[in-house]
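Enquirer: Would you be able to build a 3D model of this:
(one chain, ligands or ions: 2)
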Amino acid sequence: MKTVYVNAAFFTMNKKNQIFENGMMIVENQSIVYIGQHDPNKLIDIDQVVDLGGKWVLPGLVNTHSHVVMTLLRGSGDDMLLKPWLETKIWPMEKQFTTEIASTSAQLGILEMLKTGTTTFSDMFNPNGIDSDEVIHQISKTGIRGAFSQTIFSSETRMEQKANFKEAERFTKKYKMFAKGRLTTMVAPHSPYACNPETLIECVRIAEENDVGIHIHVSETEGEILEIENRYDVRPIEHLRQLGIFERPTVIAHGVFLNDEERAMLNQYGVRVAHNPISNLKLGSGIADIVSLLETGVKVGIATDSVASNNNFDMFEEIRTAALLQKGIYKDPTKFPVQLALSLATRIGAQAIGMEYTGSLEVNKKADFITINPYNKEHLQPISQAYSHLLYAARGNDVCDVYIDGKEVVKDGICLTIDEERVIAEANELKGTLSS
Ligand SMILES: CSC[C@H]1O[C@@H](n2cnc3c(O)ncnc32)[C@H](O)[C@@H]1O
Ligand SMILES: [Zn+2]
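Expert: Ligands and ions are numbered 1, 2, ... in the order given. Have a look, this model is predicted:
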């Protein structure tokens with residue numbers, strides 16, 4: 001099946017940030033085979049023509065760190081610091097999770113992601129008490145692309161620890177290439193404070209044996225730095241390096257507290273950073289110095305974290321916050337310009353999570369794209385300033401259509417792969433079964 005998309009402005013987000021104002025894109029077998037100026041000569045052998053009515057077309061957004069299974073916890077535990085938030089609010093509620101709660105939570109989270117333009121996510125979930133196979137089966141049906149990774153914690157007993165490793169190994173093997181490659185997984189030790197050295201070393205082994213990367217929370221708060229220094233006499237980054245974590249392709253979530261030496265080390269090992277500006281603000285953790293990270297050469301993606309610390313999955317809001325914060329902390333509005341900000345949520349974000357095959361509209365890339373209709377939106381006028389509006393004015397609910405692998409998953413703002421009414425009703429019913 002060969003489909004041509006015409007009558008649209010294509011923001012390719014390729015390295016040159018090319019825009020094709022009255023462009024054309026041809027998709028065949030889930031991939032882009034042509035993107036450029038409108039060319040009638042290319043219309044032979046076409047099965048389907050889609051007229052996009054002058055809309056803007058962008059690559060689907062990439063959320064490099066999320067927890068969709070926590071979506072039912074939105075609004076629980078506001079206004080708390082990370083440690084008490086996790087220990088007294090979030091973890092006790094996660095302990096009550098059933099497969100049904102996890103599955104409905106994940107569908108609700110992905111519904112919001114898809115409708116607000118996210119086509120690829122890299123997610124960590126707490127597997128305690130739930131049937132992970134069922135949850136990933138439901139995720140697969142939504143059509144989203146990404147990595148769904150089972151979080152590993154250190155346990156109190158040897159037996160429990162052994163069972164955790166066994167399950168992590170099973171999950172990794174089964175899902176590293178799933179849904180025809182649309183879904184994958186990484187090994188996800190929670191953090192250097194919730195995983196002891198033995199656990200972290202075992203995670204490296206599982207990642208190595210299965211040829212997958214590592215996804216871990218690191219250097220999120222000042223308290224974490226002190227805790228790791230007290231325990232091991234080194235800061236978290238050096239601790240993880242010594243244990244061999246960075247020998248695997250690694251994404252660290254947060255990286256709020258990094259010094260020059262650590263940034264250089266991350267760059268040397270090719271470690272990528274998932275930047276979660278709103279979660280870091282809401283939990284009072286701090287503001288990551290993304291400009292320095294990028295100047296050192298580290299690849300950075302943008303992320304929301306869970307909606308318990310955000311409280312939504314709107315990547316437009318996230319990119320805008322990221323850009324405004326860097327301008328503010330540097331007292332320099334030239335920092336984090338529009339194209340850079342958008343590229344971290346698209347092409348560079350995809351590279352950050354090892355999915356270079358998506359994140360920009362280029363030949364041979366996956367046909368993962370979104371459309372925005374600016375004509376009926378007052379906050380997107382005048383339309384001639386589109387690039388600026390995408391960063392400074394657009395919001396998730398401006399997204400009109402969403403395609404993943406060339407398949408339409410959202411049409412005119414309605415999700416075609418998830419029964420919205422059912423999921424929302426189930427979510428509210430199940431929330432009532434949780435005690436906070
Ligand atoms: C649901 S994934 C794994 C684990 O991570 C916890 N979590 C959620 N957000 C954060 C964060 O910002 N820092 C550290 N840990 C976090 C979550 O409660 C799950 O148990
Ligand atoms: Zn997180």
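Enquirer: and the longest strand seen in the chain, which residues are buried?
Expert: Ranked by residue count and defined by DSSP state E, the top strand of the chain is strand 48-59. By neighbour count with 16 or more other Cβ atoms under 10 Å, strand 48-59 contains the buried residues 50, 52, 55-59. C-beta coordinates here come from the backbone N, C-alpha and C atoms, glycine included.
Enquirer: Can you add pLDDT and distance to ligand 1 and give these back as TSV?
Expert: Converted to TSV, the buried residues of strand 48-59 look like this (pLDDT from 0 to 100; distance: Cβ to the nearest ligand atom, whole Å):
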residue	pLDDT	distance to ligand 1
Val50	98	37
Leu52	98	37
Lys55	98	35
Trp56	98	32
Val57	98	33
Leu58	98	27
Pro59	98	26
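Enquirer: Enumerate the residues of the chain near ligand 1.
Expert: For the chain, the residues in contact with ligand 1 (Cβ under 6 Å from any ligand atom) are 67, 69-70, 82, 86, 90, 94, 124-126, 151, 190-191, 217, 220, 279, 305-306, 309.
Enquirer: again, 5 Å this time
Expert: The chain comes close to ligand 1 at residues 67, 90, 124-126, 151, 217, as judged by Cβ under 5 Å from any ligand atom.
Enquirer: residue contacts, Ile9?
Expert: Not quite, residue 9 is Ala, not Ile. 19-23, 54-57, 386 (Cβ atoms under 8 Å, 6 or more residues apart in numbering).
Enquirer: ends of stretch 321-341, how far apart?
Expert: In stretch 321-341, first residue to last residue: 10 Å (Cα to Cα, to the nearest Å).
Enquirer: circling back to that earlier point, show the subsequent helix or strand relative to the longest strand of the chain.
Expert: strand 61-66 (DSSP states H and E).
Enquirer: strands paired with that next one, and their directions?
Expert: Note on strand 61-66: by DSSP bridges, its sheet partners are strand 118-125 (parallel).
Enquirer: Tell me where the stretch 51-200 of the chain has helices.
Expert: Using DSSP state H, counting those that start in this stretch, the helices of the stretch 51-200 of the chain run over residues 82-84, 91-94, 99-115, 132-142, 158-175, 197-210.
Enquirer: middle-most residue in the chain, spatially?
Expert: Taking Cα atoms, centre = their mean as the criterion, Asn63 is the residue nearest the geometric centre of the chain, at 2.1 Å.
Enquirer: Does it touch Met113 like I think?
Expert: Yes - if you go by Cβ atoms under 8 Å, Asn63 and Met113 touch, sitting 6.6 Å apart.
Enquirer: In the sheet, which residues pair with Tyr34? Tell me.
Expert: Here Tyr34 sits in beta bridges with Ile26, as judged by DSSP bridges.
Enquirer: That one and ligand 1, how far apart?
Expert: In this view, Tyr34 and ligand 1 are 40 Å apart by Cβ to the nearest ligand atom, to the nearest Å.
Enquirer: Past the helix or strand harbouring Ile348, which element shows up next along the chain?
Expert: Element membership for Ile348, per DSSP H and E: helix 347-352. Using DSSP H and E, the helix or strand that follows helix 347-352 towards the C-terminus is strand 369-372.
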